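Participant: sharing a model prediction with you, sequence too.
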Amino acid sequence: MALSKMFIFLAIVATTTTIFATSVMEDGNLDLDVPITTSEPSSFSGQMGRFLTDRPRAWRTCDKYPRVCNNKGSPGPDCCKKQCVNVMSDEANCGKCGKKCRYNETCCKGRCVNTSRDEKNCGGCKKRCKRGSSCVYGMCSYA
C-alpha cells in the first residue's frame with residue numbers, strides 16, 4: 001500500500017511540474033541568460049510536450065529575444081528573419097539582412113567578393129597576393 005501511495009505522489013508532483021513549466025513558457029517569463037541557440041533545438045524550444053499536452057512550446061527566436069544571438073554557440077550576433085547570423089561572413093546576409101552573394105562570391109568582412117580573382121582575398125578571405133602577382137582561379141601567380 002505504501003508503494004502505491006508513493007507512486008501516486010510522484011505522479012502528482014510530475015504533473016504539477018509539467019503544468020507549471022508549460023504555463024511559464026506560454027507567459028514568456030524566461031531567464032534570457034540561459035544559453036539557447038536557434039540553430040539547435042533544446043528541451044525548451046519548439047518540441048512537443050511529453051504526455052500531458054500536445055501543444056508545441058514557445059520558440060525563443062531573436063526577433064523577440066535579441067540577446068539570444070549573443071549566447072555562446074550562436075551562429076552570429078545579428079538577427080535576420082528570426083535567425084542569428086553573422087552579417088560579416090554569411091553569404092545569404094552579407095553586410096545586411098537579405099543581401100545575397102552570387103554563386104561565385106564569398107562574403108568577406110560584409111562585402112561580396114570573387115575569391116577566384118580578388119588580390120586581397122585570393123582563394124579565401126584575408127589571403128593577399130604578394131606585390132606584383134595576380135590572383136587567378138583563387139591562386140596567386142597561377143601561371
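Facilitator: Perfect, I can see it now. Numbers count the residues shown, from 1 in each chain.
Participant: strands along this protein, start to end?
Facilitator: 78-80, 83-85, 106-108, 111-113, 135-136, 139-140 (DSSP state E).
Participant: residue contacts, Lys130?
Facilitator: Cys140, Ser141 (C-beta atoms under 8 Å, 6 or more residues apart in numbering). C-beta here means a position set from N, CA and C on the backbone, and glycine is covered the same way.
Participant: what distance do you get for it to Ser89?
Facilitator: Distance of Lys130 to Ser89, given as C-beta to C-beta, to the nearest Å: 25 Å.
Participant: hang on, the earlier thing: Lys126 is nearest to which of the strands of the chain?
Facilitator: Lys126 lies closest to strand 106-108 among the strands of the chain, at 7.2 Å (C-beta to C-beta).
Participant: pull the distance from that closest one to the chain's centre.
Facilitator: 19 Å (C-alpha atoms, centre = their mean, to the nearest Å).
Participant: swap in stretch 76-96?
Facilitator: Centroid separation between stretch 76-96 and its chain, computed with C-alpha atoms, centre = their mean, is 10 Å.
Participant: now the helices: where do they sit in the chain?
Facilitator: Assigned by DSSP state H, the chain shows helices spanning 2-27.
Participant: show me the shaky parts of it.
Facilitator: Along the chain, the model assigns pLDDT under 70 to residues 20-59, 142-143.
Participant: just put the strands of the chain in TSV and tack on distance to Cys125 and mean neighbour count.
Facilitator: TSV is the format used below for these (distance: least, C-beta to C-beta, whole Å; neighbours: other C-beta atoms under 10 Å):
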stretch	distance to Cys125	mean neighbour count
strand 78-80	18	20
strand 83-85	16	22
strand 106-108	4	21
strand 111-113	8	17
strand 135-136	13	18
strand 139-140	15	15
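Participant: tell me which of these lies nearest to Met1.
Facilitator: strand 83-85 (54.0 Å).
Participant: adjacent strands (with direction) for that closest one?
Facilitator: strand 78-80 (antiparallel) (DSSP bridges).
Participant: I'd like the strands of the chain as a markdown table, with distance to Lys64 appended.
Facilitator: Shown next, in a markdown table, are the strands of the chain (distance: least, C-beta to C-beta, whole Å):
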| stretch | distance to Lys64 |
| --- | --- |
| strand 78-80 | 10 |
| strand 83-85 | 13 |
| strand 106-108 | 26 |
| strand 111-113 | 30 |
| strand 135-136 | 44 |
| strand 139-140 | 46 |
